[in-house]
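>>> Provide a 3D model corresponding to the input given below.
(chains A and B)
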Amino acid sequence: MSVLQRDPQDQVRVLDEDGTVVGEVPDIDDETLVEMYRYMRLARHFDTRAVSLQRQGRMGTYPPLSGQEGAQIGSAIALDEQDWMVPSYREHGASLLRGLPLKQTLLYWMGHEKGNEMPEGVNLFPPAVPIASQIPHATGAAWAKKLRGEDDTAVICYFGDGATSEGDFHEGLNFAGVFDTPNVFFCNNNQWAISVPRERQTASETLAQKATAYGIDGVQVDGMDPLAVYSVTKAALDKAKNPAEGEGRPTLIEAVQYRFGAHTTADDPTVYRDDEEVEKWKAKDPIPRLESFLRETGRIDDEGVEAIEADVKQRVADAIEAAESDPRPDPSEMFNHAYAERTPEIQAQYEEFEALREKFGDEGFLRE
Amino acid sequence: MSSQNLTIVQAVRDGLYTEMNLDDEVLVMGEDVGKNGGVFRATEGLWDEFGDDRVIDTPLAESGIVGTAVGMAAMGLKPVPEIQFSGFMYPGFDQIVSHMSRFRNRTRGRYTLPMVLRAPYGGGIRAPESHSESKEMFYAHEAGLKVVIPSTPYDTKGLLISAIRDPDPVIFMEPKLIYRAFRGEVPEEEYTVPIGEAAVRREGTDVSVFTFGAMTRPTLEAVENLEEEGIDAEVVDIRTISPLDRETIVESFKKTGRAVVVHEAPKNGGLGAEITATVQEEALLYQEAPVKRVAGYDVPYPLYALEDYYLPSVARVEEGIREAVNF
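Modelled structure (predicted):
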């Protein structure tokens, strides 16, 4: 029976908090398992460095992901090459796996539009800042694939627990149910929408059970168990593309997890949550869990871990170096992409702008 | 009267606190307004003071926030919902334009909505995408709403209290760029600043400069700089975007015959267009020069690496004033 065919309150788990196998280990080759670990370490290290860049004034407000690597990497690694990803604004790890260079993620949070210019062949939407607003896009993108007969393609969409309160969540999932679109709706339930706890978002016992109302499958998974996340996501992607007779394509996955840090670097979580709670969740950290499993099963040893650590540090350092040495965007770029071609009014404003720049230089615009 | 030296965001908090103490019907609701005290600390301490029934952390749902506030207000409560950033008002836009603005009109005055929808707006704080726009004209375009934007701590508290007491719904937009930029004297007691009245911040004879919100600061700086060039400019802080104080605008323009409008919102359809039309309609024969608009460009608000180039700067305002004066 599919891992998706279960009560939405019956959480899927493969590894316990110590990394001991307590469920069915998914069929993944050794190399991919190690890659999973590498990307989780990469996401964690990137996150630590990004927060530090913000603290040093080298980057603007940034939303950290630490604690959520198991959900991001465990799900994104299950995608096939042709699949699409529609992220919120916290999926730096998942986006990296989909092919977005870390440099671009840094550029985006450094306020450069170029961060959103997806490289050719990277099947990824830009981050969506307004909560839940990307969910209907994911439904539409999957619907387009279905209408065009591209049955081998599914669309995964990420959002948080807070997003399930928005109308767009309801409308996106409802359309998916009605039009049977190949979607995986992946809810990163990290317990907190800034300062508002999960219990304040809904009186439902689980978020997964909301799927029932849309006539689609809903499944809850331990979001800090990357192997369980992989199993569930893989099954949902397979079903989206190739449902059994009488089975619906879309699935809602609730990945139960915790954000170890702040909502963004502008937020101070000590105002609204206890250290005790944070510590309780840190014991479920997905990284040591997977590492312990890989060591126990002989897939990695000290040497392997050290090599990954060195690789991860190098890749993040290179990305920071590349982002910081990227030239500042030319101010005239503001006028280039509102439309396919500048309207006469925009052209006139551009010319006025350039004349002012010539007269006053950049000092005429830049504030301290 | 005793007074305190407050920032604008502290004056917001003080206005809420003052009015909640005086009127049990007033309540605050929104995302993170309770225990967290608001992401800008505009509701700090209110949850401790007034409890969970009057300072309410809601689910993350702007349509729900505005829509339930409409229902509460129709029942006689005076809700003051907060939308965390004005860029996130749009899920609630249907409730704002289809219901909040017109409950009175649709029921021939039988139901009214004494509510205030607060939101920080505007650019310049190096914020992420969708956090910096200035779209006050969306709401000014909607009959039945009043739209207020303060620029000083004193006005913030006085206008907020007026808005809460107003029998009609008010959109109260707060210039977050200057939330903490400076302090001003604010009485501890209750007082009001009337909605619908502009304020002349500086008297002058050569040109009238109309502005509001965060743009009052670069405008006043530009005007001071231009004194050296012998330009004596008048600065009018509009304060209420709708209903517009046309009388003060026209009076100032009749005196100077020249006008510049400064706002960070896009030029196309911005308040500058409305002010220009007003002086044309009511004081054409006094006009000495085209009205100059110094505004945001008609392009999407850029990510922050370029935002300084988008927002009207002191140099741009100075140049706009020179253009109007030297025509």
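>>> make it CA atoms for all contacts and neighbour counts henceforth
OK.
>>> now do the strands in the chain.
Unless you meant another one, I'm taking chain A. A:84-86, A:155-160, A:183-189, A:192-193, A:196-197, A:217-222, A:251-256 (DSSP state E).
>>> to clarify, I was referring to chain B.
All strands of chain B, identified by DSSP E, fall at B:3-6, B:26-30, B:55-57, B:78-82, B:116-121, B:146-148, B:170-175, B:184-187, B:199-202, B:207-211, B:233-237, B:240-242, B:259-266, B:292-296.
>>> before we move on, back to that, and the strands of chain A: which comes nearest chain B?
Among those, strand A:196-197 comes nearest to chain B, with 6.3 Å by C-alpha to the nearest C-alpha.
>>> that closest one pairs with which strands, parallel or anti?
In the sheet, strand A:196-197 lines up against strand A:192-193 (antiparallel) (DSSP bridges).
>>> what residues does the stretch 201-327 of chain B have near chain A?
B:297-300, B:302-306, B:308-309, B:312-316 (C-alpha under 8 Å from any C-alpha of the partner chain).
>>> thinking again about what came up before, out of the strands of chain A, deepest packed?
Across the strands of chain A, the average number of neighbours (mean count of other C-alpha atoms under 10 Å in any protein chain shown) peaks for strand A:251-256, which reaches a mean of 29.
>>> buried residues in the longest helix seen in chain A?
Longest helix of chain A, by residue count under DSSP state H: helix A:30-55. Within helix A:30-55, the residues that count as buried by 16 or more other C-alpha atoms under 10 Å in any protein chain shown are A:33-34, A:36-47, A:49-51, A:53-54.
>>> let me see the contact set for the residue of the stretch 151-300 of chain B found nearest chain A.
Nearest to chain A in the stretch 151-300 of chain B, going by C-alpha to the nearest C-alpha, is B:V299, at a distance of 5.7 Å. B:V299 makes contacts with A:334-335, A:338, A:346, B:266, as judged by C-alpha atoms under 8 Å, 6 or more residues apart in numbering or on different chains.
>>> what pLDDT does residue 252 get?
Going with chain A. At A:L252, the pLDDT value in this model is 98.
>>> sorry, I should have been clearer: chain B.
98.
>>> now do A:R6
86.
>>> that one reaches A:V221, doesn't it?
No. With contact defined as C-alpha atoms under 8 Å, A:R6 does not count as touching A:V221 (11.0 Å).
>>> contact partners for B:V317?
B:218-219, B:222, B:262, B:294.
>>> who in the stretch 101-250 of chain A is up against chain B?
Proximity of the stretch 101-250 of chain A to chain B, by C-alpha under 8 Å from any C-alpha, involves residues A:109-113, A:129-130, A:162-163, A:165-167, A:193-196, A:200-202.
>>> coming back round to it: and the contacts of B:V317 as CSV, adding neighbour count and pLDDT?
Supplementary listing: the contacts of B:V317 in CSV, determined by neighbours: other C-alpha atoms under 10 Å in any protein chain shown; pLDDT from 0 to 100:
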residue, neighbour count, pLDDT
B:P218, 19, 97
B:T219, 29, 98
B:A222, 21, 98
B:V262, 29, 98
B:V294, 25, 98
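>>> distance check, the residue most central in space within chain A against chain B.
The C-alpha lying nearest the average C-alpha coordinate of chain A belongs to A:E91 (C-alpha atoms, centre = their mean; 2.4 Å). To chain B, A:E91 is 15 Å away according to C-alpha to the nearest C-alpha, to the nearest Å.
>>> tell me the predicted confidence for that residue.
98.
>>> got it, and A:S2?
In this model, A:S2 is scored at 85, pLDDT.
>>> swap in A:T20?
So A:T20 comes in at 96 (pLDDT).
>>> how many neighbours does the residue nearest to it when sequence neighbours are not counted have?
In space, and not counting its chain neighbours, A:T20 is closest to A:F293: 6.5 Å by C-alpha to C-alpha, 6 or more residues apart in numbering or on different chains. Using other C-alpha atoms under 10 Å in any protein chain shown, A:F293 is surrounded by 18 other residues.
>>> one more: B:Q4?
12.
>>> touching, it and B:E189? I think so.
No. With contact defined as C-alpha under 8 Å, B:Q4 does not count as touching B:E189 (10.1 Å).
>>> thinking again about what came up before, quick one, which of the residues of the stretch 201-327 of chain B next to chain A are buried?
B:297-299, B:302-306, B:308-309, B:312-316.
>>> what is the nearest of the residues you listed to A:V122?
Of all these, A:V122 sits closest to B:L303, with 22.0 Å by C-alpha to C-alpha.
>>> wait, doesn't that closest one sit right on A:E113?
Yes. Applying C-alpha under 8 Å, one finds B:L303 in contact with A:E113, separated by 6.2 Å.
>>> first-to-last residue distance for stretch A:179-191?
Terminal residues of stretch A:179-191 lie 31 Å apart, using C-alpha to C-alpha, to the nearest Å.
>>> go on, stretch A:87-96?
Using C-alpha to C-alpha, the two ends of stretch A:87-96 sit 11 Å apart.
>>> could you do stretch A:55-67 as well?
20 Å.
>>> in that stretch, what's buried?
Neighbour-count burial for stretch A:55-67 flags A:59-67 (criterion: 16+ other C-alpha under 10 Å).
>>> roughly how far out does that stretch sit from the chain middle?
Taking the mean of its C-alpha atoms, stretch A:55-67 sits 16 Å from the chain's own mean (C-alpha atoms, centre = their mean, to the nearest Å).
>>> and if you look at stretch B:240-258?
17 Å.
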